[in-house]
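Visitor: I'll drop the sequence and a predicted model, then ask my questions.
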Amino acid sequence: MSRLSVMLNEQDSLGWSPLHYASRSGQISSLASLLRLGASVRTKDNRNESPLHFAAKYGRYNTVRHLVESSNGFLILNECNDEGKTALHIASEEGHTRVVQLLISKGALLHRDHQGRTPLHLAAAGGHMQTLAAILAVHAHTLDQTDKDGNTPLHSAVRANKPEVVSQLLSLNCKLLENNANCKPIDCAIQYRLSEAALALVTHPRGPSEVVGTSSKVNGCVCMALIRTLPKVFQAVLDQAIKKAEVKDTSKNFFVRYSFYPLQLNEDQLQWERTKHKDPKFRPQPLYACNAMVESGRVDLLMHPLTQTFLEMKWQAYGKYIHLSNLFVYLVFLSLVTVFAVKVLGNNSAVSASINATSRYDLSNDTDNWDRFVYEVYETTGWMYCMGVAIMVFACLGIVKEILQLYHHGLKYLTEAINVVEWTLYLTSICMVLPVFLGTGWRAQQFNSAALAVFTAWFTLLLYFQRFDRIGIYIVMFLEILNTLLKVLLVFSVLIVAFGLAFYILMSHGGHLSFSNVPMSMMRTFSMMLGEVDFLTVFIYPFFHESVKDYQLLFPRTTFALLLVFMILMPILLMNLLIGLAVGDIESVKKNAQLKRIAMQVELHTELENKLPEVLIKLVNKTEVLVYPNSQCSKGLFHHLLSAFSFVCPINEKRGIADLESLEGGGSEDYLWEQLEGQHRRLRDISSVLDQQTKLLRLIMQKMEIRSEADECDEGVSLEDIVQVRHVNKKFSPPSASSRRALVTRKD
C-alpha cells in the first residue's frame, strides 16, 4: 500500500504529480480514480502550485469542484504559489468566470498576492468583464482597493489598455484615486500612450467633469497633456463637446451646443494652478489649450469646429472691435504717408506754387553730387504742417510699441522679419517729414525715405490681413513660398556671382554700360536669369559691328560659350527648379500656412487678454455657445457694415449642421472601429450562447444516462490550444540547428 501511495504522489523534474497532469488536461475520470486511490491534493510542484492551481488556470470547472470537495480540499482552497496567488487569483487572471463563482461559493477568500493585488486587479488587467462582475457581485467592497503601489483595479485596467473594463469600472462609480507615484488612471494612459484606455476615460459620461476637467501632480492640466501626447484622444474630447438638440434638423428650434470646457480652465484647475505657483492671484496664460496646440503643431485640433467656434467667440466678444480699430488707425496713417509722399515729393506736385524746386543733380565722378538734389522750400502750408505732425506722432507711437514688444518678447522679437519692416516704416516716415519742422529743403535722403516709407506702409497693410480668415491663408502661403525662394536664391547666388564676374571681365572693355562695373554686372546677370537676355542688342550686333551705340564684343568665342552655359543653367534649370519648389510642395505649404494663420489668431487673442483687465475678460467670456442654423433673426446696422468687409473678417454664421456633418462624415476610421467592436461583441455573445448550449446538452445527456467520450474531459482550455499558444510564442524565436536542417531537407 505504501508503494502505491508513493506512485500516486510521485513527481517529475517539474514537480508535477499524476494529479497535476490530470487537473491540467481535465481528465475527470482519471482525476476521480486518483482521488479514490488516495492521491494527495496538497502536492506542490517546483513553483509551489497545487493541482487546484492547475485546474483553475485552465478553467477546469468540474476538476476544481472534485478537488475542492475532496477530503482535504478545504486545505488547498486558499493556498498560495510562489507569487502569492491563490486559485481564485489565477482563475480571475485567466478569465474563467464559472470557476471563480465556484471558488467563491466554496469559501475562497480574497487574499492579496505578494504585490498586494486582489483577484479583482488581475481580472481587470486581463480584460475579463464577466469575471469582474462575478467578483463584485459578492465582494463589492474591493472595487477601490489598492495594491502595494497604490494602484486600484482601474489603474490595472488602464495600464493593460482594456477600454471595455475601464468603461465598466467607471459605470460602477469607482474612485479615480492617485497611486503612490501620484498618478491617476488618466496619467498612466498618458505616460504609456495608451490611446484606447484614455479614450474610454475621457468619453465616459464621467469624463468631462472627473477626467478632462481635472489636474494632476504628474502632468498638470489633463487637456494640455492630451494635446501634447495623445492628440487623437483630445480630438474625441472636442467631438464630445459638440451636441445637437433632440429635435428635427429642419426645426426652427434646432440648435447645436458648443461647450468650451476642454479649452478653458475651470475653477478647480485655476485653484490648482495658483496653489502650484504659490500665488493666490496667479493668472494663467490665456487660451492655454490653443497655445499648446500651436506649440505642438496640432493643425487638426486647431481646425476642429469647436476650436474654430471658440476663437470666433473671442473674436465676436472683443477681437473684432479692437483689431478693426487698429486697422482703421493704421489706414489713417497709411493715407497720411501716401498723400504726403505723392503730393509733396512727387514729380507733379500739388504744391508747386509754394515750392521752388532746383535740381542740381549731375552724374560725375564726384559722389557728393548725390546730396545736391534739393527741393528748396520757401513756405510751408498749413496742411503740410498738420500732416507732418500727424505722421510724426504715429511714427513715434509705433516706435514705442516696437520697444515694448522687444522688451516683452526678447530674442524672439529679433527673429521676426515683420519687425524689421515696421522699424523701416517708422524711421523712414520720420526722416521724410523732418524738413517740415526744420525748414530745410528736401534732399535725396527724404526722397529715398519717402519711397521706402510708401513701400513698407503698403506691404505692412498686406501683412495685416494675415490674421483674417478668408484671405489670410493666401498671404501666409505667399510668405512661405517667398521664404523658400530666398533660401534657394541664397544657395544659388554663387552662380550669379560667378557669371556676373565673368561677364564683367569679358564685356566691360567693350563699352557695355550694363557691365561697366561689378555691381551693375551682377544686376544685369540677375535680370538675364529672368529671361531678359537682349540677345541681339548685347551680343549679335556688337559681334557683327552693327551696334548703334558702338558696343564691341572683344572676346566673342569665350563670351558665346559662357552665354550658352548660362542659358542652360540659369533661365532653364534654375527657374524650373524654383517653379517646382513653389508648386510641387503646395500641400505642405498650405498646411504650414493654415497653422501659421491660426497661430497668429491665437497670438492676437492671447496678447489682447494679457493686456485687458481680468474683470472685462470674465464679463465677455462664455463657457458655451448655442447656434441656431435655421433661425432668421434680424441683423443690426453694425453687422451689415461688417458684412461689407466679409472678405477680410472671419465671420462664419453657417455653422451647426455643417460641423456635425463634418464630424460624422469625416469619421470613416471611427466607423470602421465601431464596426469591428460590434463584430467583437457579437462573437462574444455567440461564444456565451454556445457555452450555455453545451452545458444544457451535458445535463440532458446526464439525465438520459448517455455517456460519451466528452464526459471524460472537463471544460476549459483544450490541450491543443495550449500547444498552439506555445507554438505562437516560439514563432519568432531563433530556429535551432535541427529545425534549420529539417527546413533545408524539406526544401530539397
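Guide: Arrived safely, thanks for sending.

Visitor: which parts of the stretch 201-350 of the chain are strands?
Guide: 215-216, 220-221, 242-244, 256-259 (DSSP state E, counting those that start in this stretch).

Visitor: dump the ones you listed to a markdown table, plus distance to residue 542 and mean pLDDT.
Guide: For every residue, glycine as well, the C-beta is placed using N, CA and C. Shown next, in a markdown table, are the strands of the stretch 201-350 of the chain (distance: least, CB to CB, whole Å; pLDDT from 0 to 100):
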| stretch | distance to residue 542 | mean pLDDT |
| --- | --- | --- |
| strand 215-216 | 79 | 88 |
| strand 220-221 | 74 | 88 |
| strand 242-244 | 73 | 89 |
| strand 256-259 | 73 | 91 |
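
Visitor: mind putting those strands into CSV with mean neighbour count and distance to residue 436?
Guide: CSV is the format used below for the strands of the stretch 201-350 of the chain (neighbours: other CB atoms under 10 Å; distance: least, CB to CB, whole Å):
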stretch, mean neighbour count, distance to residue 436
strand 215-216, 20, 59
strand 220-221, 18, 55
strand 242-244, 16, 58
strand 256-259, 20, 54
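
Visitor: JSON lines for the ones you listed, including distance to residue 312?
Guide: Shown next, in JSON lines, are the strands of the stretch 201-350 of the chain (distance: least, CB to CB, whole Å):
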{"stretch": "strand 215-216", "distance to residue 312": "27"}
{"stretch": "strand 220-221", "distance to residue 312": "23"}
{"stretch": "strand 242-244", "distance to residue 312": "14"}
{"stretch": "strand 256-259", "distance to residue 312": "10"}
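
Visitor: for these, which one sits closest to residue 522?
Guide: Among the strands of the stretch 201-350 of the chain, strand 220-221 comes nearest to residue 522, with 55.4 Å by CB to CB.

Visitor: need the contact partners of that closest one.
Guide: 215, 265, 269, 273, 276, 288 (CB atoms under 8 Å, 6 or more residues apart in numbering).

Visitor: circling back to that earlier point, and of the strands of the stretch 201-350 of the chain, who's closest to residue 166?
Guide: strand 215-216 (16.9 Å).

Visitor: packing partners for the closest one?
Guide: Here strand 215-216 touches helix 267-276, going by 3 or more CB pairs under 8 Å, 6 or more residues apart in numbering; DSSP states H and E.

Visitor: which residues does the helix it packs on contact?
Guide: 213-215, 220-221, 265, 280-282, 284.

Visitor: follow-up on the earlier one: could you flag which of the contacts of strand 220-221 are buried?
Guide: Those of the contacts of strand 220-221 that meet the buried threshold are 215, 265, 269, 273, 288, by 16 or more other CB atoms under 10 Å.

Visitor: the last one contacts residue 227, doesn't it?
Guide: No - between residue 288 and residue 227 there is no contact under CB atoms under 8 Å: 9.7 Å.

Visitor: what about the strands in the stretch 551-700 of the chain?
Guide: Using DSSP E, counting those that start in this stretch, the strands of the stretch 551-700 of the chain run over 624-627.

Visitor: report the central residue of this protein.
Guide: With distances taken as CA atoms, centre = their mean, residue 298 lies nearest the centre of the chain, 2.9 Å away.

Visitor: find the nearest non-adjacent residue to that residue, please.
Guide: residue 231 (5.1 Å; CB to CB, 6 or more residues apart in numbering).

Visitor: ok, the one you found to residue 293 distance?
Guide: 8 Å (CB to CB, to the nearest Å).

Visitor: overlap of the contact sets of the two?
Guide: Shared contacts of residue 231 and residue 293 (CB under 8 Å, 6+ apart): residue 301.

Visitor: neighbour-wise, which of these two wins?
Guide: residue 293 (28 against 18; other CB atoms under 10 Å).

Visitor: where does the protein have its least confident helix or strand?
Guide: Least confident helix or strand of the chain, by mean pLDDT, DSSP states H and E, is helix 737-747 with a mean of 36.

Visitor: quick one: low-confidence ranges for the stretch 51-200 of the chain?
Guide: Counting by pLDDT under 70, not a single residue of the stretch 51-200 of the chain qualifies.

Visitor: quick one: residues in contact with stretch 230-237.
Guide: The contact list for stretch 230-237 (CB under 8 Å, 6+ apart) reads 189-190, 193, 195, 198-199, 202-203, 207, 212, 223, 226-227, 262, 296, 298, 300-301, 304.

Visitor: next, the buried residues of that stretch.
Guide: Result for stretch 230-237 [16+ other CB under 10 Å]: buried residues 230-231, 233-237.
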